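A.B. asks: Please work out how this folds:
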Amino acid sequence: MKVVITGISGRLGRIVARRLHHEADVQIVGLDRRPMRGRPKDIEHHQVDLRSKQARDIFRAGDVDALIHLGVMHDPRARAAELYSWNITGTTKLLEYCQAYRVPKVVLVSSSDVYGPRPDNPQFLTEDAPLLAAQRFPQMRDLVEIDHLVSTFLWRAREIETVILRPVHILGPVHNAPSNYLRIARPPVLLGFDPMVQLIHVDDVADAITLALAPGRRGIYNLVGPGEVPLSVVLRELGREPLPIPHPVAKPLLGLAFRLGLSSFPVAELDFIRYVCMVDGRRAAAELGFRPGRTLRETIHAVAED
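C.D. replies: Prediction:
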């Protein structure tokens, strides 16, 4: 089985590659503009742009059995035009390659953040809920559009088994917004708000990706971890001393700190520590057989792993 992994040089990409590398019949090909640190010799790696002819040539041979798309760029300090071109054009090209060269399986790792934290959210959102994150969080526009692109592809390219995974906040030795936030010595919190949050260990996400590769798996799935917990409990478990900020001054204060490089917390993410955005994971359990293998305490403390 030949599996192409985009974004293989990132932390999640390396974890997924290591997981599949132990499978005797899996050949892994990585696509990433970055070098792959610690790459095993039998993993093929191409430092190419997803939009390039070189990327297309990887699929042209017609022997690719699956694409795992992890190569979505998240950088709050990058130019919006650059992010849009890489993310949207790159994903569009990948889907074209898969259809043109008859790749039978496509797996996209999206995020439950695409639903958006909102004051009127129900307790648990299902996969049929609208993707509203970009309305209040412009930086989520690319991920929402990619999710829409692949959702449309799922129904248009019926000959390809397409799977979209929407995990809750991923924690572990990864450099994403939730893990970075929980590593802050004094993480900002909003006075009067203590939303319930859902967390999932990065290894459990890797497990779900391997389940999605099985023949016959097709559809959109929320991935949830071992339970829900108030944000304050997570911070207390990690021994963090929160920095309470009144909501009216939080946006200008944190915005200035971010622009000056004094904070890595993007202002647009304030809604994630203000409102609830929890999802229903029963479909993944029923159809993929996915259940998290790590406890809530293990998941929370995964931010200290490396």
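A.B. asks: all helices for the stretch 101-250 of the chain, in order.
C.D. replies: Using DSSP state H, counting those that start in this stretch, the helices of the stretch 101-250 of the chain run over 133-136, 141-156, 177-183, 202-212, 231-237, 247-259.
A.B. asks: could you redo these as JSON lines and give each row distance to residue 1?
C.D. replies: (Glycine included, C-beta is placed from N, CA and C.) Converted to JSON lines, the helices of the stretch 101-250 of the chain look like this (distance: least, C-beta to C-beta, whole Å):
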{"stretch": "helix 133-136", "distance to residue 1": "34"}
{"stretch": "helix 141-156", "distance to residue 1": "21"}
{"stretch": "helix 177-183", "distance to residue 1": "30"}
{"stretch": "helix 202-212", "distance to residue 1": "11"}
{"stretch": "helix 231-237", "distance to residue 1": "38"}
{"stretch": "helix 247-259", "distance to residue 1": "43"}
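A.B. asks: and residue 93, which of the ones you listed is closest to it?
C.D. replies: Closest of the helices of the stretch 101-250 of the chain to residue 93 is helix 141-156, at 11.0 Å (criterion: C-beta to C-beta).
A.B. asks: same for the closest one, what does it pack against?
C.D. replies: helix 80-84, helix 90-100, strand 105-109, helix 133-136, strand 161-167, strand 219-223 (3 or more C-beta pairs under 8 Å, 6 or more residues apart in numbering; DSSP states H and E).
A.B. asks: Wait, residue 289 touches residue 211, no?
C.D. replies: Yes. The criterion here is C-beta atoms under 8 Å, and residue 289 meets it with residue 211 at 6.1 Å.
A.B. asks: Looking at the two, which has the bigger crowd around it?
C.D. replies: Between residue 289 and residue 211, counting by other C-beta atoms under 10 Å, residue 211 is the more crowded of the two (18 against 11).
A.B. asks: Grab the nearest non-local neighbour of the more buried one.
C.D. replies: Excluding its sequence neighbours, the residue lying closest to residue 211 (C-beta to C-beta, 6 or more residues apart in numbering) is residue 288, at 4.7 Å.
A.B. asks: now residue 253
C.D. replies: Nearest non-adjacent residue to residue 253 (C-beta to C-beta, 6+ apart): residue 245, at 6.5 Å.
A.B. asks: do the same with residue 287
C.D. replies: Nearest in space to residue 287, with sequence neighbours left out and distances taken as C-beta to C-beta, 6+ apart, is residue 219 at 6.7 Å.
A.B. asks: ditto for residue 60
C.D. replies: Excluding the flanking residues, the one nearest residue 60 by C-beta to C-beta, 6+ apart is residue 101, at 6.2 Å.
A.B. asks: Can you give me the distance of that neighbour to residue 159?
C.D. replies: Residue 101 sits 12 Å away from residue 159, going by C-beta to C-beta, to the nearest Å.
A.B. asks: neighbour count winner among those two?
C.D. replies: residue 101 (15 against 7).
A.B. asks: Below-threshold pLDDT in this protein: ranges please.
C.D. replies: 24, 74-80, 138, 258, 261-265, 306 (pLDDT under 70).
A.B. asks: any idea how far the residue nearest to residue 253 is from residue 137?
C.D. replies: From residue 245 to residue 137 the distance is 18 Å (C-beta to C-beta).
A.B. asks: The two - which one has more neighbours?
C.D. replies: Ranked by neighbour count (other C-beta under 10 Å), residue 245 and residue 137 place residue 137 first, with 22 against 17.
A.B. asks: Assess the claim that the more buried one and residue 116 are in contact.
C.D. replies: Yes. Look at residue 137 against residue 116 with C-beta under 8 Å: they come within range, at 6.7 Å.
A.B. asks: Name the residues contacting each of the two.
C.D. replies: Shared contacts of residue 137 and residue 116 (C-beta atoms under 8 Å, 6 or more residues apart in numbering): residue 271.
A.B. asks: Could you report the neighbour count for the nearest residue to residue 197 once chain neighbours are set aside?
C.D. replies: In this structure, residue 197 finds its nearest non-sequential neighbour in residue 231, 5.4 Å apart by C-beta to C-beta, 6+ apart. Residues contacting residue 231 under the criterion other C-beta under 10 Å number 21.
A.B. asks: Quick check: residue 87 is in a helix.
C.D. replies: Yes. Membership of residue 87 in a helix is supported by DSSP: H, G, I helix; E, B strand; the rest coil.
A.B. asks: So what's the residue count around it?
C.D. replies: Using other C-beta under 10 Å, residue 87 has 21 other residues around it.
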